[in-house]
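*Asks:* Attaching a predicted model along with its sequence, questions to come.
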Amino acid sequence: MALFNDVPKTAKEQEKRLFEAAQFILETSVRARSKGILELETVSTDALPVSAQSKVIIKRLFDALIECVDLSDLSDIARYSITASETVCSSDSEKLAMMMIAEGIVSIQQGAHPRVIGWKLASMLGDELGAKLLSVLDDWMSQFFAKYVRKEAAVDVSNGAVHVSSVEDILFLDDKSIHDFSAANPDVLVPAIAFADDEIKQKVLRCVSPDEKERIEKELSAIEKPTLDCREKLVTLLRSYLRETGENLRDYLCE
């Protein structure tokens with residue numbers, strides 16, 4: 001559910017401030033998704049184009065997020081902090097930037113995928129700026145994933161080093177999605193992650209049933225060499241899954 005029923009209308013001259021706010025919260029969401037919420041203790045708001053009082057509010061919201069404040073309480077704190085602040089309400093562009101950041105922080109608490117947060121933010125910007133944000137979203141995500149998500153090393157296939165497609169996108173699925181994805185694609189998933197980073201394997205094992213975990217561990221131990229075809233197929237399936245999830249969300253937001 002959206003935090004704010006009404007958002008200020010956007011204008012072209014507000015683009016720089018609003019896009020900087022969007023970049024800030026999207027990078028923060030990728031960081032939290034890959035490293036954990038406690039990683040946000042070191043988030044800096046110094047470069048944000050908002051007032052000193054707005055930065056105090058942002059810091060308060062991050063503190064509440066890190067302290068695992070209940071979602072409904074965090075939503076209330078975010079909503080009241082912005083709507084009741086005379087400083088934040090002094091200009092439409094600052095108010096909207098703060099609404100976007102607040103919406104992003106609450107979405108992080110909900111466990112939303114960073115791309116989903118990006119689509120939410122774009123939906124707050126109106127037609128022109130929203131479309132422009134969507135047009136750069138994939139490039140931003142690629143930059144942030146590269147910065148915060150550990151890449152897999154090249155593996156030895158057919159007596160030579162072959163750089164395979166990364167399976168890192170699985171780190172950005174929530175637990176239920178991994179459970180569902182694993183159940184739907186067992187023949188591809190297990191061989192694809194056999195020689196992946198331990199972080200990826202542990203993420204998968206944490207999200208399946210005890211019986212499924214035992215089966216996967218047994219199959220993983222029996223695999224003796226990397227399987228390039230399965231890894232590439234897994235990447236294709238993951239991207240298809242994320243694209244389908246995103247289309248469903250955008251349909252929902254546009255209803």
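*Replies:* Okay, I see it.
*Asks:* Can you point out the buried residues in stretch 120-137?
*Replies:* By neighbour count with 16 or more other CB atoms under 10 Å, stretch 120-137 contains the buried residues 120-125, 129-130, 133-134, 137. C-beta coordinates here come from the backbone N, C-alpha and C atoms, glycine included.
*Asks:* and these as CSV, adding pLDDT, secondary structure and distance to residue 62?
*Replies:* What follows is the buried residues of stretch 120-137, written out as CSV (pLDDT from 0 to 100; DSSP: H, G, I helix; E, B strand; the rest coil; distance: CB to CB, whole Å):
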residue, pLDDT, secondary structure, distance to residue 62
120, 93, helix, 18
121, 95, helix, 17
122, 94, helix, 23
123, 93, helix, 23
124, 95, coil, 20
125, 94, coil, 23
129, 94, helix, 25
130, 93, helix, 25
133, 94, helix, 23
134, 90, helix, 26
137, 87, helix, 23
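*Asks:* and which of those residues is nearest to residue 214?
*Replies:* residue 120 (38.2 Å; CB to CB).
*Asks:* Using the three-state scheme, assign residue 195.
*Replies:* With DSSP: H, G, I helix; E, B strand; the rest coil as the basis, residue 195 sits in coil.
*Asks:* Number of residues surrounding it?
*Replies:* When neighbours are counted by other CB atoms under 10 Å, residue 195 registers 20.
*Asks:* Distance of it relative to residue 220?
*Replies:* Residue 195 sits 9 Å away from residue 220, going by CB to CB, to the nearest Å.
*Asks:* Any stretches of this structure with poor pLDDT?
*Replies:* Confidence mapping of the chain against pLDDT under 70 gives the ranges 1, 89, 149-169, 171-174, 197, 199, 226-228, 231, 239, 241-255.
*Asks:* So for it, the centremost residue is which one?
*Replies:* residue 114 (2.0 Å; CA atoms, centre = their mean).
*Asks:* Leaving out sequence neighbours, find the closest residue to it.
*Replies:* residue 29 (4.3 Å; CB to CB, 6 or more residues apart in numbering).
*Asks:* Now do the strands in the stretch 51-200 of the chain.
*Replies:* In the stretch 51-200 of the chain, strands defined by DSSP state E, counting those that start in this stretch lie at 155-157, 160-162, listed in chain order.
*Asks:* Find the helix or strand that the residue nearest to residue 114 is a member of.
*Replies:* Taking DSSP states H and E as the definition, one finds residue 29 inside helix 15-35.
*Asks:* Quick one: residues contacting residue 4.
*Replies:* With contact taken as CB atoms under 8 Å, 6 or more residues apart in numbering, residue 4 is in contact with 79, 82-83, 99, 103.
*Asks:* I am finished for the moment; much appreciated.
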